[in-house]
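Enquirer: sequence unknown, structure follows:
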């Protein structure tokens, strides 16, 4: 998508490199952001006088940023953060991810960063490094590249809570004019001066490859789609930048963008969908039979799927329960899986069925044939979600898994785990994820989530007082 006039503006003298989203300016400050395990960006803000130097030379930061819970509390898993004295490591800005944040006044830059280990390599505890390692191993094992695009759902909320402490929808208008109708796919909520349209316009000025803005299936719920790119790392980077941008832009308007998977009990939850296909060395979509990526047709039957696509679907389905701790990383995420609200409750696939965990959308041309993974919560890490999907696909290809028959209609009552930490962990998935991650990351992640669970459960919840006190 071409950038709007003004995107990335500024004095470009001295900038010796470019970004995907425009050249960095030397006359603005910048946020240097590390993607953490919870999908948040954490880091440091450098003023204009120091930003250019930091962009060139990096800075120091604790590796404990990779061992925090959702609230940013260091959990001291494996002694990281407290027992080890929380030491600093060198951090490297990822220059191609630089973008301008137009919602700041004056505008500031933003660049993703990664913590390095003692040997100067991306630290194996970083979600981005985990995906880098797993993607490299996947490509070596299969000879295939990944085409990916994320879709991110969220609610636009007020900064104030309701009397019960729950979420309240945002509106710049008087409360009696607050959006209350469902308005699924409605265009009225996207009229000029609507807060979400202003957010979208700001996001377009960043240069991110935005594809579409949609009003989703509940009042106050929206989805922004990104264009597909032939680079899984880049797709995850752009999902992280998009989430941060939505949150910052909403805050600048006095609202709050929530990526909570289930903020309302009686309304649909929010997910992070990944559209994925695989490419051969010549750039052809191997999900299409015979590699014919130029012909027309749809992918709504097994006969329209290649062997690789069938085995990929089978692997993703088979190992879905094993990766639930990544796809649904905390207690609230499991509340999203409710029948009748287009959220998966069991592992099945179907053609163009939004109840399915894996949906095969109607493709306008064969080269657009893809799988839509619909299970992940909106606040899951896009890096870890992609990594888990690639491990599942690889195992499906290796064992030449047979694809179960498609199942139409609604999802069945829960066959997925219903609660945190009850996810199945098969030996094959765990071992492959650990091996390809460059360490034992899956085990570390499980320990991290167990520590977060223990902290979450250490205090009684409001409902417990209401029911049992």
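Expert: That came in fine, so what should we check first? Keep in mind that what you see is a predicted model, and the values were worked out from it rather than measured.

Enquirer: Low-confidence ranges, the stretch 201-350 of the chain, go.
Expert: 291-303 (pLDDT under 70).

Enquirer: repeat that for 50
Expert: For the stretch 201-350 of the chain, applying pLDDT under 50 flags the ranges 291-300.

Enquirer: Do a quick rundown of the helices in it.
Expert: All helices of the stretch 201-350 of the chain, identified by DSSP state H, counting those that start in this stretch, fall at 232-252, 307-318, 324-327, 331-335.

Enquirer: now these as a markdown table including mean neighbour count and distance to residue 418?
Expert: Every C-beta, even on glycine, is put in place using the N, C-alpha and C of the backbone. Formatted as a markdown table, those follow (neighbours: other C-beta atoms under 10 Å; distance: least, C-beta to C-beta, whole Å):
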| stretch | mean neighbour count | distance to residue 418 |
| --- | --- | --- |
| helix 232-252 | 23 | 27 |
| helix 307-318 | 23 | 19 |
| helix 324-327 | 26 | 10 |
| helix 331-335 | 20 | 6 |
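
Enquirer: Which helix or which strand is home to residue 150?
Expert: Assigned by DSSP states H and E, residue 150 belongs to strand 145-158.

Enquirer: What's the mean pLDDT across that strand?
Expert: Averaging pLDDT along strand 145-158 yields 94.

Enquirer: about what we covered before: residue 57: which of the helices of the stretch 201-350 of the chain is closest?
Expert: helix 232-252 (21.3 Å; C-beta to C-beta).

Enquirer: circling back: against which helices or strands is the strand holding residue 150 packed?
Expert: helix 127-142, helix 195-205, strand 221-226, helix 232-252, strand 255-258, strand 272-279, helix 382-398 (3 or more C-beta pairs under 8 Å, 6 or more residues apart in numbering; DSSP states H and E).

Enquirer: any idea which of these is most buried?
Expert: Comparing these by mean neighbour count (mean count of other C-beta atoms under 10 Å), helix 382-398 comes out on top with a mean of 26.

Enquirer: Show me what stretch 242-250 is in contact with.
Expert: With contact meaning C-beta atoms under 8 Å, 6 or more residues apart in numbering, stretch 242-250 is reached by 33, 39, 41, 101, 103-104, 110, 150, 152, 154, 156, 170, 195, 198-199, 202-203, 206, 208, 210, 224, 226, 256-257, 259.

Enquirer: Can you pull the domain assignment for this structure?
Expert: 30-123, 134-457 (automatic domain parsing).

Enquirer: Put together a markdown table for those, with distance to residue 24 on each row.
Expert: As requested, the domains of the chain are exported to a markdown table (distance: least, C-beta to C-beta, whole Å):
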| stretch | distance to residue 24 |
| --- | --- |
| domain 30-123 | 5 |
| domain 134-457 | 12 |
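
Enquirer: quick one: which of those domains is nearest residue 465?
Expert: Among the domains of the chain, domain 134-457 sits nearest to residue 465 (C-beta to C-beta), with 12.5 Å.

Enquirer: and the closest one, how far apart are its ends?
Expert: End-to-end distance for domain 134-457: 32 Å, by C-alpha to C-alpha, to the nearest Å.

Enquirer: residues touching residue 456, list them.
Expert: Going by C-beta under 8 Å, 6+ apart, residue 456 touches 330, 331.

Enquirer: and what of residue 341?
Expert: When contacts are counted by C-beta under 8 Å, 6+ apart, residue 341 touches 217, 267, 268, 269.

Enquirer: if we go to 6 Å?
Expert: Neighbour list for residue 341: residue 268 [criterion: C-beta atoms under 6 Å, 6 or more residues apart in numbering].

Enquirer: so how far is residue 152 from it?
Expert: Using C-beta to C-beta, to the nearest Å, we find residue 341 at a distance of 18 Å from residue 152.

Enquirer: cool, residue 324 as well?
Expert: For residue 324 relative to residue 152 (C-beta to C-beta), the value is 20 Å.

Enquirer: Equivalent analysis for residue 131, please.
Expert: With the distance defined as C-beta to C-beta, residue 131 ends up 17 Å from residue 152.

Enquirer: How about residue 260, nearest residue that isn't a chain neighbour?
Expert: residue 332 (6.1 Å; C-beta to C-beta, 6 or more residues apart in numbering).

Enquirer: isn't the one you found right up against residue 264?
Expert: No. Using C-beta atoms under 6 Å, residue 332 is not in contact with residue 264, being 11.2 Å away.

Enquirer: Give the buried residues for stretch 54-61.
Expert: 54, 55, 58, 59, 61 (16 or more other C-beta atoms under 10 Å).

Enquirer: Apologies, that question was intended for stretch 427-442.
Expert: 429-430, 432-442.

Enquirer: ditto for stretch 99-111
Expert: 99, 100, 101, 102, 103, 104, 107, 108, 109, 110, 111.

Enquirer: can you list contacts of that stretch?
Expert: 8, 21, 28-32, 93, 97-98, 202, 205-207, 248-249, 252.

Enquirer: ok, 7 Å please
Expert: 7-8, 19, 21-22, 24-25, 28-33, 51, 55, 93-95, 97-98, 202, 205-208, 241, 248-249, 252 (C-beta atoms under 7 Å, 6 or more residues apart in numbering).

Enquirer: still on that earlier bit, could you dump the helices and strands packed on strand 145-158 into CSV and include distance to residue 306?
Expert: Listed next are the helices and strands packed on strand 145-158 as CSV, based on distance: least, C-beta to C-beta, whole Å:
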stretch, distance to residue 306
helix 127-142, 13
helix 195-205, 35
strand 221-226, 25
helix 232-252, 20
strand 255-258, 39
strand 272-279, 9
helix 382-398, 11
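
Enquirer: Figure out which of these is closest to residue 346.
Expert: helix 382-398 (16.1 Å).

Enquirer: which other helices and strands contact the helix or strand following the closest one?
Expert: Using DSSP H and E, the next helix or strand after helix 382-398 towards the C-terminus is helix 427-437. The contact analysis (3 or more C-beta pairs under 7 Å, 6 or more residues apart in numbering; DSSP states H and E) places helix 427-437 against helix 127-142, helix 382-398, helix 441-456.

Enquirer: Rebuild these as CSV, extending it with mean pLDDT and distance to residue 465.
Expert: Below are the helices and strands packed on helix 427-437 laid out as CSV (pLDDT from 0 to 100; distance: least, C-beta to C-beta, whole Å):
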stretch, mean pLDDT, distance to residue 465
helix 127-142, 98, 36
helix 382-398, 98, 34
helix 441-456, 94, 16
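
Enquirer: hmm, which two among the buried residues of stretch 54-61 are most spread apart?
Expert: Farthest pair in the buried residues of stretch 54-61 (C-beta to C-beta) is 55 and 61. Separation: 14.7 Å.

Enquirer: which residue is nearest the middle of this protein?
Expert: residue 382 (3.1 Å; C-alpha atoms, centre = their mean).

Enquirer: correct me, but that one touches residue 150?
Expert: Yes. Between residue 382 and residue 150 a contact is recorded at 6.0 Å, counting by C-beta atoms under 7 Å.
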